[in-house]
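take a look and give me a structure for this.
(one chain, ligands or ions: 1)
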Amino acid sequence: MSNEVEIRQMWPDGPSRNYSTHRPGSSWIPLADGGYGGPYVCQSCKNDVIGIYRVENVWQCAACRRNAKFRRINGKAGQN
Ligand SMILES: [Zn+2]
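Next up, the predicted model:
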């Protein structure tokens, strides 16, 4: 029996998260359409993360979201 973890996109244009048909750990939650969902995957740093945020059509972790915000602020300052 396979107990492999794969990365699955939760819905079109949605965030990706770790997915398994068998529950690898107690922190994994049962999903409505079967299987179990684990940590999300940040689309910027590719790390497993608990919280995921949509920033300009990219699903990012809190750290990447913070970095993106700083980049925007710095970019704006640079144009002056
Ligand atoms: Zn990230």
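
where does pLDDT dip in the protein?
Applying pLDDT under 70 to the chain flags the ranges 1-3, 75-80.

mind doing that once more with 80?
The model of the chain has pLDDT under 80 over residues 1-3, 69-80.

which residues of it lie near the ion?
42, 44-45, 61, 64 (Cβ under 5 Å from the ion). From N, CA and C alone the C-beta is placed, and that goes for glycine too.

and for residue 11, the neighbour number?
For residue 11, the tally of surrounding residues (other Cβ atoms under 10 Å) stands at 6.

that one - that's part of a strand, no?
No. According to DSSP: H, G, I helix; E, B strand; the rest coil, the state of residue 11 is coil, so it is not within a strand.

how near is it to residue 62?
The gap separating residue 11 from residue 62 is 22 Å, by Cβ to Cβ, to the nearest Å.

just confirm residue 29 contacts residue 35, I think it does.
No. With contacts counted by Cβ atoms under 8 Å, residue 29 stays clear of residue 35, the gap being 10.1 Å.

the more surrounded of those two?
Between residue 29 and residue 35, counting by other Cβ under 10 Å, residue 35 is the more crowded of the two (15 against 10).
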